[in-house]
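Engineer: need a structure here:
(one chain, ligands or ions: 1)
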Amino acid sequence: MNLTPDEEATLDGEKGPGYQKAMEIIVALGKIYEADNLVAIWSAQVSGVSYQNIGDAGLEFLEEWASMGATCSVQATLNPAAVDLRSWKEFGFPEDIARKQLRIIDAYVKMGIQPTCTCVPYLIGNLPQFGNHVAWGESSAIAYCNSIIGARTNREGGPSSLAAGLVGKTANYGLHLTENRKPELTIQVECPLKSGADFGALGYFVGKRGGNKVIYFQGIRRATLEDLKLFGASLATYGSIALYHIEGFTPEASIVSPVSKTVIVTEDDLKQAYGEINSPLARVDFVALGCPHNSLEEMKAIGQSLQGKSLKSELWVLTARPIKEAAEHLGLDKPILAAGGKIIADTCMVVAPIKEFGFHTIVTNSAKACFYSQNLHNLQVRLASLEKCIDVAVSGIWS
Ligand code: F3S
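Structural biologist: Residues are numbered from 1 along each chain as shown. Below is the predicted model of the structure:
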């Protein structure tokens, strides 16, 4: 791999051990994936934040790295944590987990990372432009970044996204290269997509068949930002898909061509996807909305659906803190709170210590959350549209 004299100096430790460690990680990855060189990045989104996921070993690793004195060279934001960083006590998060989580955040802040704790960095200011190289962790954000924005990132892990943020560079391989952004499979969508949950079910169907291929979609007539966020999260969860194109819609779709290998998705396929995601359940003790974190539009829609109602199930509405604050400013939080719902920032139903809350079932509009709720938290799951989720939270039963 060709390194510039400045990069060589960083690797040799001339800028200190924190940057040296970062460069060692980037160069090691570059060698594994046969990169020719490093490329400057516009931003980093750092994953590996929740204490629930990284534990004491991760905490010690980060504190040690932070003690070396290196700070980020580019804008760097953080993925969700295990608790609401400000209101963990009020929402009943365990104190021991909260305290360790706060230490993790401190370590990241020491390294110059913004403690945004959200998986929708593109909604709160970490918004690269078309063609920018970035180093993002968090699979749903990666799919959004590559596909909808047209910026370029590989699927980074915690240490590699942090290393790239510190050095301001990443190894130039994979989806940073134009030739790897071409479609490998065409999906012809022949079923209506009426909700974000339908996009999630489609993501399940395609993810199971598409592996980690670059997908070219035809036949998708409309999609909101919110649909696309749920779609990318599902594609990434069920298939490790980091880039897709939608004909007539996404920025690179017009500069690539569909491949002849085509899979058709029908209404029956979508029904089958719902059938495979869902588990049997009747009573519902937990409804969670916001995987990926809710946008302001979703906060508004949730509030409107809850106007004048009261809840029988626990409802968590999860979002980024700036979006929570904007919702409060606009009064969008009032109907949610009046109905008995909780608006929780910084964390989510997947990376929080959900077992501590004693839930057995979850209804959500996120296919990604269904997967992890079942496999990580052992919950019975149901995927439904946002409106149906609200109905279920109000009645307390799945009908
Ligand atoms: Fe975000 Fe948590 Fe879902 S990090 S994409 S809300 S699993």
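Engineer: Could you pull up the contacting residues of Gly112?
Structural biologist: Thr71, Cys72, Ala76, Gly165 (C-beta atoms under 8 Å, 6 or more residues apart in numbering). All C-beta atoms are positioned from the backbone trio N, CA, C, and that covers glycine.
Engineer: swap the cut-off to 6 Å and go again
Structural biologist: Gly112 sits next to Thr71, Cys72 when contact means C-beta atoms under 6 Å, 6 or more residues apart in numbering.
Engineer: One more: Thr347?
Structural biologist: Thr347 neighbours (C-beta under 6 Å, 6+ apart): Pro80, Ala81, Val83, Asp84.
Engineer: for the stretch 151-300 of the chain, what spans make up the helices?
Structural biologist: Assigned by DSSP state H, counting those that start in this stretch, the helices in the stretch 151-300 of the chain fall at 158-167, 196-210, 225-239, 267-277, 296-306.
Engineer: out of those, nearest to the ligand?
Structural biologist: Closest of those to the ligand is helix 225-239, at 4.9 Å (criterion: C-beta to the nearest ligand atom).
Engineer: Contacts made by the strand ranked longest in the chain with the rest, please.
Structural biologist: Counting residues, the longest strand in the chain under DSSP state E turns out to be strand 286-294. With contacts defined as C-beta under 6 Å, 6+ apart, strand 286-294 is touched by 118-120, 140, 229, 233, 313-320, 348-349, 359, 362-364, 366, 368-369, 389, 392-393.
Engineer: quick one: secondary structure of the residue nearest the centre of the chain?
Structural biologist: Nearest to the mean C-alpha position of the chain, counting by C-alpha atoms, centre = their mean, stands Ser140 at 3.6 Å. Assigned with DSSP: H, G, I helix; E, B strand; the rest coil, Ser140 falls in the helix class.
Engineer: which bits of the chain sit near the ligand?
Structural biologist: Residues of the chain lying close to the ligand by C-beta under 6 Å from any ligand atom are 79-80, 119, 140, 233, 291-293, 348, 350-351, 368-369, 372.
Engineer: Quick check: Trp42 vs the ligand, distance?
Structural biologist: 21 Å (C-beta to the nearest ligand atom, to the nearest Å).
Engineer: For that residue, list the residues it contacts.
Structural biologist: Pro128, Asn132, Val134.
Engineer: before we move on, back to that, make CSV out of the helices of the stretch 151-300 of the chain and add mean pLDDT and mean neighbour count.
Structural biologist: Output for the helices of the stretch 151-300 of the chain, formatted as CSV (pLDDT from 0 to 100; neighbours: other C-beta atoms under 10 Å):
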stretch, mean pLDDT, mean neighbour count
helix 158-167, 98, 28
helix 196-210, 96, 25
helix 225-239, 98, 26
helix 267-277, 98, 16
helix 296-306, 98, 20
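Engineer: So which of those helices is nearest Pro94?
Structural biologist: helix 158-167 (22.4 Å; C-beta to C-beta).
Engineer: strands paired with the host helix or strand of Gln45, and their directions?
Structural biologist: With secondary structure defined by DSSP states H and E, Gln45 is part of strand 43-46. Strand pairing for strand 43-46, using DSSP bridges, gives strand 75-78 (parallel), strand 135-136 (parallel).
Engineer: follow-up on the earlier one: where helices are concerned, which of the contacts of Trp42 count?
Structural biologist: Assigned to helices by DSSP state H, none of the contacts of Trp42 qualify.
Engineer: Of those, which is the most crowded?
Structural biologist: Among the contacts of Trp42, the one with the most neighbours (other C-beta atoms under 10 Å) is Val134, at 29 neighbours.
Engineer: Please name the residues that touch that residue.
Structural biologist: Ile41, Trp42, Ser43, Pro128, Ala151, Thr153.
Engineer: Find the closest residue to the ligand in the stretch 101-250 of the chain.
Structural biologist: Cys119 (3.1 Å).
Engineer: so what does the next helix or strand after the strand holding Gln45 touch, helix or strand wise?
Structural biologist: Per DSSP H and E, the first helix or strand lying C-terminal to strand 43-46 is helix 51-66. Of the remaining helices and strands, those touching helix 51-66 by 3 or more C-beta pairs under 6 Å, 6 or more residues apart in numbering; DSSP states H and E are helix 95-110.
Engineer: Now with 10 Å, please.
Structural biologist: If contacts are counted by 3 or more C-beta pairs under 10 Å, 6 or more residues apart in numbering; DSSP states H and E, helix 51-66 sits against helix 17-32, helix 95-110, helix 158-167.
Engineer: buried sites along it?
Structural biologist: Using 16 or more other C-beta atoms under 10 Å as the test for burial, helix 51-66 gives Tyr51, Gln52, Asn53, Ile54, Gly58, Leu59, Phe61, Leu62, Trp65, Ala66.
Engineer: Alright, I will stop here.
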